[in-house]
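Enquirer: Below is the structure, and that's it, no one-letter string:
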């Protein structure tokens, strides 16, 4: 633990800043999965949700996607708020730089602490890889942005509700939107603040349909040490599992990038196939990793994932993999003890996977269910047929 | 603990729903302070901030109020977000009522649980007293609204930052705005959702300058059992002390009002005068309660409070009373043990007050300071003179 002081009298302890002890992980120079040298930029019109909207996944998916979040009144309400916030007129970068320390270490701690002040769950920083910037936006315009760093903001999904749900019930989309709402106001606030300090900054926040998005987030999460590549094809954090959403602020404020982390996940996911076995859309592979878009990863079948989520008649969207993942557990001491062992020992990994399989992952805690099952059809809310089973 | 089930299969345990055990307090039919029978409605142009803006508190206050939150870059950024959210076009009430249970108990638990899902710290419900509705808005238009209930939403101020600050330094206004930002998106989301269920609802959120406000919040907090009247003239919660901000959603959704609470605060504040002794604006009385606007309360000198806050040269606004209050403490077990005793014993109250006086309340934990001291003057950020002392 190191103390840093500046002329403002700001002290920085080089330890835990936020609610989770991310500082205690072994930091490595390269992620635990391969990254190719020359990665092609992706056109945002080629991601799964854009394809679904365009009709590439068939007419049923195309028809349903237009109201897949408005079909439930809570996600519909949340979407209104995020859409409105995304429409805000951005402020200008101040003409003069503020008299703040130019030490990137002090500025990094400052921005991370600001994120925690705004109740983010995990903050991270990485260099912005050009390859993570989409080549074109949804309208087909080339995206030409150039920032040095990405500040990554992570929000946990509300755990009690995740516990109460099956992962593809009526509350599933509101669970995501709760994180989206919080992320959008935090990303806009941090970007607005940095511009007032005299540095360029751009808020990047989900969801893709109503948010503001010029970058792919998983490559940033991987580089900023938020987690490792998982079998579900997305980044997994040791404390939150898959149960979080992320946003970013791109900036030229001088910062110190974090390094990737290694907590034994590659070996864990290689042997644990719970998410693949329980995926209702059969979209997660049971086999080995492949190289895809320049990244070594288990390759999600995006069409199956998006189609099942959008056509789901028993609820809104699907987060079953997030629900059943053995890492989506609270940070109580027994679970933290397992985390500690699994990080260090391959035998512990085998035992933990076996224990989860025996205990039966993915059970919904029905006693904690607090939402109503409702479905909007032609502008009227009704009780869905599936809710009465 | 009682279980309630409805045809949706929703179970409600009649115990703790949120992060603080508010359910364990003794609930009483009337608040611990008197409320007059016939309370006159207040004109929103007569509250302290409106008077300060109009020049009633002198030209210096009037000049400073126009940029008292833009003078610090973080609160300026936060204000942009809240102002933009307040400008959202409200949705219409759905023509048909949703097929949800009409049991007010189930609906009350549902709405409170929704608030906790959106990460509120405390939720409460009361009947909306007509007297709490302002008679006129800031433009002088009569306010004519009629709702049965007020859903009260409470957000804690970020505790580590409160601990690090003196209460009237540069971070003081951002601490309030962090709560305002979160409250505004939660209030808008809940109101939007209730209207989709087919019931009228109106979001009411601070701050008065940029938020949406047609009601006085303290009378609602008192009735909904969030806390008791304190010496500082505002409502004090047993877990958060004075360190929170609140918003409301007015609605006709059938609900069960909560009752006021009694945790011994009247006797405590009668003897503890720490906030009055440490108030830098000498705005808090050391004497007894009086009747004011229909409420028995210690009477804050609003002009002194607002003037000191607005003219403060050592920071943004003033929350010194919140900082020094013995109740603004974390909910660790030693502090909870003191809470438990103080609620039950007048001797414990005397001892707790003495202990706080000896330990010296209101110290700033300088090691936790993470913000930069900055002041915007004529559009340029500079290091304030006071920061270099």
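Expert: In hand now; what should we look at? Computed from a prediction, not measured in an experiment: that's the story for all the values here.
Enquirer: contacts and neighbour counts: CA atoms only from here.
Expert: Will do.
Enquirer: The residue nearest to residue A:18 when sequence neighbours are not counted in helix, strand or coil?
Expert: Nearest non-adjacent residue to residue A:18, counting by CA to CA, 6 or more residues apart in numbering or on different chains: residue A:116, 5.8 Å away. Look at residue A:116: counting by DSSP: H, G, I helix; E, B strand; the rest coil, its state is helix.
Enquirer: Test my guess that residue A:116 contacts residue A:17.
Expert: Yes. Counting by CA atoms under 8 Å, residue A:116 does reach residue A:17; the two are 7.5 Å apart.
Enquirer: Could I get the contacting residues of the residue nearest to residue A:18?
Expert: If you count contacts by CA atoms under 8 Å, 6 or more residues apart in numbering or on different chains, residue A:116 has them with A:17-18, A:122-123.
Enquirer: Tell me the secondary structure of the residue nearest the centre of chain A, please.
Expert: Nearest to the mean C-alpha position of chain A, by CA atoms, centre = their mean, lies residue A:245 at 3.1 Å. Following three-state DSSP, we place residue A:245 in the strand state.
Enquirer: Up against chain B, what does the stretch 51-200 of chain A have?
Expert: A:73-74, A:76-78, A:81, A:84-85, A:88, A:96-100, A:109-110, A:113-114, A:117-119, A:158, A:161, A:178, A:181-182, A:185, A:188-190, A:192-193, A:196-197 (CA under 8 Å from any CA of the partner chain).
Enquirer: out of those, which are buried?
Expert: Burial by neighbour count, judged by 16 or more other CA atoms under 10 Å in any protein chain shown, picks out A:73-74, A:76-78, A:81, A:84-85, A:98-100, A:109-110, A:113-114, A:117-119, A:158, A:161, A:178, A:181-182, A:185, A:188-190, A:192-193, A:196-197 from those.
Enquirer: Which pLDDT value belongs to the residue nearest to the centre of chain A?
Expert: Here the pLDDT value assigned to residue A:245 is 97.
Enquirer: Who are the contact partners of the nearest residue to it once chain neighbours are set aside?
Expert: The shortest distance from residue A:245 to any residue other than its chain neighbours is 5.5 Å, reached at residue A:155 (CA to CA, 6+ apart). Applying CA under 8 Å, 6+ apart, one finds that residue A:155 lies in contact with A:120-122, A:179, A:182-183, A:244-246.
Enquirer: try 6 Å this time
Expert: The neighbourhood of residue A:155, defined by CA atoms under 6 Å, 6 or more residues apart in numbering or on different chains, consists of A:120-121, A:179, A:244-245.
Enquirer: picking up where we left off before, gap between the residue nearest to the centre of chain A and residue B:204?
Expert: Computed with CA to CA, to the nearest Å, the distance linking residue A:245 and residue B:204 is 28 Å.
Enquirer: does the residue nearest to residue A:245 sit in a helix, a strand or a coil?
Expert: strand.
Enquirer: which residues in the stretch 251-389 of chain A form strands?
Expert: According to DSSP state E, counting those that start in this stretch, the stretch 251-389 of chain A carries its strands in the segments A:290-292, A:295-297, A:375-377, A:380-382.
Enquirer: got these as CSV, with distance to residue B:59 columns?
Expert: Listed next are the strands of the stretch 251-389 of chain A as CSV, based on distance: least, CA to CA, whole Å:
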stretch, distance to residue B:59
strand A:290-292, 66
strand A:295-297, 63
strand A:375-377, 55
strand A:380-382, 55
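Enquirer: quick one: which of the ones you listed is nearest chain B?
Expert: With CA to the nearest CA as the criterion, chain B lies closest to strand A:380-382 of these, at 5.4 Å.
Enquirer: Check chain A for its longest helix and report it.
Expert: Secondary structure of chain A per DSSP state H: the longest helix is helix A:172-196.
Enquirer: name the helices or strands packed onto that helix?
Expert: For helix A:172-196, the packing partners by 3 or more CA pairs under 6 Å, 6 or more residues apart in numbering or on different chains; DSSP states H and E come out as strand A:201-204, helix B:73-86.
Enquirer: switch the cut-off to 8 Å
Expert: Using 3 or more CA pairs under 8 Å, 6 or more residues apart in numbering or on different chains; DSSP states H and E as the contact definition, the elements that helix A:172-196 packs against are helix A:73-86, helix A:104-117, strand A:149-156, strand A:201-204, strand A:244-251, helix B:73-86, helix B:172-196.
Enquirer: Let me know which of the ones you listed is the nearest to residue B:351.
Expert: Go through the helices and strands packed on helix A:172-196 one by one with CA to CA and the one that ends up closest to residue B:351 is helix B:172-196, at 30.1 Å.
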